[in-house]
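K.L.:
sequence unknown, structure follows:
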C-alpha cells in the first residue's frame, strides 16, 4: 500500500480552483482539483498510516480526531460550495491516487451529474422542531377519593391515566411535526427527515420532534427563513429552529432522496 | 417562546453560506448520515449513522461535558 492516499471531499461542477487555493485540507495539506470530463473532484493528500483501514477503525472512535477531520471536511465543502455546484462525499472517502479518483467519477458520472443537477443553485436548510414543553409529564390529578389513594385499584387507575396522557401528547407531537414538515416542504424544492437527535446531545429538556432538511433556491433563503419564523409563531406547542444556508449535504446523494 | 434562531447575524446575506455555530452533532448527522457514498480504495464500515449511535456515549460525555455522569446500564443508544 502506498504511503499516501487522496482524501476526497467533494465532487463538483463549475468550481473555481483559484477560489479555494487558500483553503487547507487535512492536517494543513494543500487542496488539489482532479478533473474528469465536466466534473471536478476536490482532494488532498493524506498519510495512509493515519487514514488506512486499520488506523481509521481506531481513529474514528477517537472523538477529538473525528471532530478535527469532520470540521476540516466541512470547511472545505463550504469553501467549495461557495464557488460552484457541489456534491459532498461522506466522511473519510479515501482513494489511492488520481487515476483511482477519475475511475470512480467515470463509473458514477451519470449519477453524480444527476445529483449535481438536483442541487444546482440551491442550499440546504436545517429545521429542528422541539416540543414546547419538556416530555409530557402532566401534574397528577388530585385523587377524587382520599380513602382510595393507597389502594391498588386507584394506583393502577392513575398509572393508566398517566400512560393515556403521555400517549395523547406523543400523538399530538407527531401530528404537529407532520404539519410543520409539510408546511415548510411546500416552500422548498425538496425535503427529507433525518432521525431526531437525542435530548442528551441537544442538551435540551424538550424532545426534538422533527429534524428536517430542506433544499431551497439560493435566492429564496430569506423567504424560507421568514416562513419558518411565521410557522414558529403560529404553533404554540412547538419551537422551530432554522439553520443555514448549508451546502446540500442531504440532497446531493446518488439515489434521489 | 423564543424566536427562530439565526445562524448568522447577517439576515440579508442569505446567499452566503451560514457556517457559524454548526454543532458537531449536526456535522456528523450530515457527514455520516448523508452525502455521496462512494466506495474508496480504503474500505471502512460506516454503515449509515450507526457510528453516531454507537458512539453516542462518547459524544455525550465529550460534547456535553456538563452532562457527564457514570454510565447507566439501562442507557439506550441512538435516537
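P.N.:
Received the coordinates, thanks. Not measured: the values here are computed from a predicted model. Numbering: from 1, shown residues only, chains lettered A, B, ... in the order given.

K.L.:
so where's chain B shaky on pLDDT?
P.N.:
In the predicted model of chain B, residues B:1-16, B:18-21, B:35, B:37-79 satisfy pLDDT under 70.

K.L.:
how about 50 then?
P.N.:
B:1-15, B:47-54, B:64-79 (pLDDT under 50).

K.L.:
surely residue A:120 meets residue A:85?
P.N.:
Yes. Using Cβ atoms under 8 Å, residue A:120 makes contact with residue A:85 at a distance of 4.6 Å. Quick note: C-beta positions are derived from backbone N, CA and C, even for glycine.

K.L.:
these two: which is more packed in?
P.N.:
residue A:85 (24 against 16; other Cβ atoms under 10 Å in any protein chain shown).

K.L.:
check contacts around the more buried one.
P.N.:
Residue A:85 is in contact with A:12-14, A:116, A:119-121, counting by Cβ atoms under 8 Å, 6 or more residues apart in numbering or on different chains.

K.L.:
mind putting those residues into CSV with secondary structure and pLDDT?
P.N.:
Shown next, in CSV, are those (DSSP: H, G, I helix; E, B strand; the rest coil; pLDDT from 0 to 100):
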residue, secondary structure, pLDDT
A:12, strand, 97
A:13, strand, 96
A:14, coil, 94
A:116, helix, 97
A:119, helix, 97
A:120, coil, 97
A:121, coil, 97
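
K.L.:
what's the overlap in contacts for residue A:120 and residue A:85?
P.N.:
residue A:13.

K.L.:
please identify, among the contacts of residue A:85, the one with the most neighbours.
P.N.:
Of the contacts of residue A:85, with other Cβ under 10 Å as the count, residue A:12 tops at 26 neighbours.

K.L.:
could you give the bridge partners of that residue?
P.N.:
residue A:40, residue A:86 (DSSP bridges).

K.L.:
my read: it touches residue A:116, true?
P.N.:
Yes. The criterion here is Cβ under 8 Å, and residue A:12 meets it with residue A:116 at 7.2 Å.

K.L.:
common neighbours of those two, please.
P.N.:
Joint contacts of residue A:12 and residue A:116 (Cβ under 8 Å, 6+ apart) are A:39, A:85-87.

K.L.:
which one (most neighbours) among those residues?
P.N.:
Neighbour max across these (other Cβ under 10 Å) = residue A:87, 32 neighbours.

K.L.:
how about it, nearest residue that isn't a chain neighbour?
P.N.:
residue A:252 (3.7 Å; Cβ to Cβ, 6 or more residues apart in numbering or on different chains).
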